[in-house]
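Participant: Pasting the sequence and the predicted coordinates here, then a few questions.
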Amino acid sequence: MNTPAAPIVCIGGLNIDRKLKLLASALPGSSNPCEAHETPGGVVRNVAENLARLGLPVALVAAMGDDAGGRMLLEQATQAGIDMSAVIRLRRQASDSYTAVLDPDGSLTLGLAAMPLVERLNPWALQASKDLRAGAALVVADGNLPTDAWPLLLGEARDGGAPLVCVAVSEAKMERLPERLTGLHLLILNAGELATVDADRSLALAALHARGVQRVLVSEGARGLLLSEPGQPARHWPAPQVAVVDVTGAGDALSAGVCAALLRDCDDFDAAARLGLALAALTLQTTDSVHPDLNPQFLEEQQP
């Protein structure tokens with residue numbers, strides 16, 4: 001795959017991921033022994049690191065504090081190859097954090113997001129990175145963004161900017177997406193997030209298309225991926241079967257794989273689904289939010 005000259009611009013969450021894995025079934029109201037693991041995180045930050053480790057040019061637009069956590073985030077991202085020049089650095093602020101409580105089998109029991117800084121990514125703040133987005137090959141934004149940021153990004157996409165991809169982050173934050181989504185090339189979300197639109201899957205997909213979303217890619221976990229396009233039968237791809245070590249970051253890896261494939265052909269969703277599922281399967285087999293051994297060779301090995 002030829003590396004594009006233009007970067008992929010990723011906009012949204014940048015935080016510390018803290019993972020607490022229970023050693024036995026949880027006992028409510030009591031102290032529970034666990035293993036603790038801390039890594040850089042944030043949905044779009046994880047997407048950006050996956051893409052950078054694949055050898056693709058990536059720039060991050062986010063906000064972080066000037067604390068020790070922020071310095072760690074900056075150092076790690078720079079080492080991974082992410083362009084951090086557009087990240088807003090806020091003085092006397094603690095960087096955002098996400099704490100995941102995991103069952104012994106690695107499944108998520110509870111997620112706690114303390115992310116006030118991402119709220120600073122309003123239209124005024126995003127104007128500073130307008131030229132960066134104008135020269136992008138692809139713009140990827142996550143659902144952490146405040147609602148008022150979306151009309152700006154959608155408007156740029158409608159006016160001939162780079163294709164815009166939205167990666168949902170949680171059921172609770174689905175309400176941040178505006179009613180009008182015309183200009184959105186792709187929405188990536190899971191079954192729970194889709195259900196916040198409508199409990200009936202077909203009605204939910206129809207509603208998103210009516211709001212202007214061109215394509216919806218639904219992760220169904222171990223069952224695989226579902227793609228919906230207006231006026232077309234839904235398409236499905238099964239997921240590879242792997243031994244799950246930790247689910248955290250697998251969805252972000254899926255999104256990164258999809259975006260990496262869309263760089264080659266923004267309408268080839270068969271290649272996008274296959275690459276996304278392969279990268280997610282790899283990430284399920286590590287405790288890190290991004291697989292530490294990921295490199296450009298993985299992308300070459302996935303070529304048809």
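Facilitator: Ah, there it is. Since the structure is predicted, the reported quantities are computational estimates derived from the model, not experimental observations. Residues are numbered from 1 along each chain as shown.
Participant: Below-threshold pLDDT in the stretch 151-300 of the chain: ranges please.
Facilitator: Residue ranges of the stretch 151-300 of the chain with pLDDT under 70: 245-246, 248, 287.
Participant: now with 80?
Facilitator: 242-249, 285-289, 292, 298-300 (pLDDT under 80).
Participant: if I look at residue 16, how far off is residue 290?
Facilitator: Distance from residue 16 to residue 290, counting by Cβ to Cβ, to the nearest Å: 14 Å. Backbone N, C-alpha and C define where each C-beta goes, glycine included.
Participant: same question, residue 85
Facilitator: Counting by Cβ to Cβ, the gap from residue 85 to residue 290 is 21 Å.
Participant: More neighbours: which of the two?
Facilitator: residue 290 (27 against 11; other Cβ atoms under 10 Å).
Participant: ok, that one touching residue 51?
Facilitator: No. The pair residue 290 / residue 51 is not scored as a contact, 10.0 Å apart, by Cβ atoms under 8 Å.
Participant: What are the phi and psi values at the nearest residue to residue 115 once chain neighbours are set aside?
Facilitator: Spatial nearest neighbour of residue 115, excluding adjacent residues (Cβ to Cβ, 6 or more residues apart in numbering): residue 96 at 4.0 Å. With angles defined as degrees, to the nearest 10, residue 96 sits at phi -60, psi 160.
Participant: Just to check, residue 96 is in contact with residue 117?
Facilitator: Yes. At 5.0 Å, residue 96 counts as touching residue 117 under the criterion of Cβ under 8 Å.
Participant: The two: which is more packed in?
Facilitator: More crowded of residue 96 and residue 117, by other Cβ under 10 Å: residue 96, with 27 against 23.
Participant: who touches that one in this structure?
Facilitator: 13-16, 42, 63-65, 113-118 (Cβ atoms under 8 Å, 6 or more residues apart in numbering).
Participant: So which of the residues you listed sit within helices?
Facilitator: Among the contacts of residue 96, no member is found in helices (DSSP state H).
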